[in-house]
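Participant: here are the coordinates; sequence isn't available:
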């Protein structure tokens, strides 16, 4: 069977999108890892599988599969790519529209500059919601590691995130520390690990080591979690430009129980087919 796919990216975080609404397609961890393999498959950070929505009023539902074959619950960059695909497919208008992600309903709108702005929901900071099995002092967690004691904060954006504040975003130890913390037993579901260099209250530099994918050029939910964590700690303003290796995302949040928004690019790279 010949299967159509679309290669897309959001700020360098790249995806293979497969619209399974009109073509039969089943996916499992083995198939996902084969497709995502950059040497033996198409190659991507994550796979997005589009399905028919479960509820009226929503344009589509989508699954997220990491490059190691594990499922993911949330991906802001992927959501923007889904939005762009639906637009190119003639399914959107100038009004906001909603899609169903594995963790929540995501509402988005195309901006005048061609980027997409998404409602990413309300961050969760309770340890049980993240989840993280570690005691904290004023939201700060401490954990011994081969690099000494790690100090980090954590939040959930529908998926778990830890954030470490660093002086040098180019530190060569970041990938190893991120992998160690992201797979540590204190995170029963694993976590995405962000490293933030705070240049100003409205500007940070960020690297993210994603669970199931490793370091990516951008992580939308990671940018949202980083901004929310820094805002809550009094280190960020209500609007922050988050500079990742692949580009810039603009995150807005006023705190409390209000929703957080993310604005950023989405790019369609090419369409192709593969033999199933």
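Facilitator: Everything's here; your move. Note that the structure is predicted; figures quoted are calculated from it, not measured. Residues are numbered from 1 along each chain as shown.

Participant: From here on, just use CA atoms for contacts and neighbour counts.
Facilitator: Fine.

Participant: Secondary structure of residue 194: a strand, I assume?
Facilitator: Yes. Applying DSSP: H, G, I helix; E, B strand; the rest coil, one finds residue 194 inside a strand.

Participant: That one contacts residue 211, doesn't it?
Facilitator: No. Using C-alpha atoms under 8 Å, residue 194 is not in contact with residue 211; the gap is 11.0 Å.

Participant: which one of these two has more residues nearby?
Facilitator: Between residue 194 and residue 211, counting by other C-alpha atoms under 10 Å, residue 194 is the more crowded of the two (28 against 23).

Participant: list the contacts for that one?
Facilitator: Residue 194 is in contact with 161-164, 178, 206-209, 222, 226, counting by C-alpha atoms under 8 Å, 6 or more residues apart in numbering.

Participant: Specify the beta-bridge partners of it.
Facilitator: residue 163, residue 208 (DSSP bridges).

Participant: Residue 239 now?
Facilitator: So, taking DSSP bridges as the rule, residue 239 has residue 252 as bridge partners.

Participant: can you map out the strands along the stretch 51-200 of the chain?
Facilitator: Remark: strands assigned in the stretch 51-200 of the chain by DSSP state E, counting those that start in this stretch are 61-66, 71-72, 97-100, 105-110, 116-121, 141-145, 148-156, 160-165, 192-200.

Participant: For the fourth one, name the packing helices and strands.
Facilitator: The elements that strand 105-110 packs onto, with contact taken as 3 or more C-alpha pairs under 8 Å, 6 or more residues apart in numbering; DSSP states H and E, are helix 76-88, strand 97-100, strand 116-121.

Participant: Adding distance to residue 17 and mean pLDDT, write the strands of the stretch 51-200 of the chain out as TSV.
Facilitator: TSV is the format used below for the strands of the stretch 51-200 of the chain (distance: least, C-alpha to C-alpha, whole Å; pLDDT from 0 to 100):
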stretch	distance to residue 17	mean pLDDT
strand 61-66	9	98
strand 71-72	14	96
strand 97-100	15	98
strand 105-110	17	96
strand 116-121	17	96
strand 141-145	37	97
strand 148-156	25	98
strand 160-165	23	98
strand 192-200	22	98
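
Participant: okay, these, which one's buried deepest?
Facilitator: strand 160-165 (a mean of 25; mean count of other C-alpha atoms under 10 Å).

Participant: ok, and what's touching that one?
Facilitator: 130-131, 150-155, 182, 189-198, 222, 225-226, 229.

Participant: Tell me how many other residues crowd residue 183.
Facilitator: Residue 183: 17 neighbours (other C-alpha under 10 Å).

Participant: brain fart, residue 250
Facilitator: Residue 250 is flanked by 20 other residues according to other C-alpha under 10 Å.

Participant: And for the one 3 residues further on?
Facilitator: Taking other C-alpha under 10 Å as the criterion, the count of residues near residue 253 is 22.

Participant: shouldn't it be in contact with residue 259?
Facilitator: Yes. If you go by C-alpha under 8 Å, residue 253 and residue 259 touch, sitting 6.9 Å apart.

Participant: List the residues that contact the closest residue to residue 76 other than its chain neighbours.
Facilitator: Leaving out its chain neighbours, the residue that sits closest to residue 76 by C-alpha to C-alpha, 6 or more residues apart in numbering is residue 220, at 4.3 Å. Contacts for residue 220 (C-alpha under 8 Å, 6+ apart) come out as 75-77, 249, 262.
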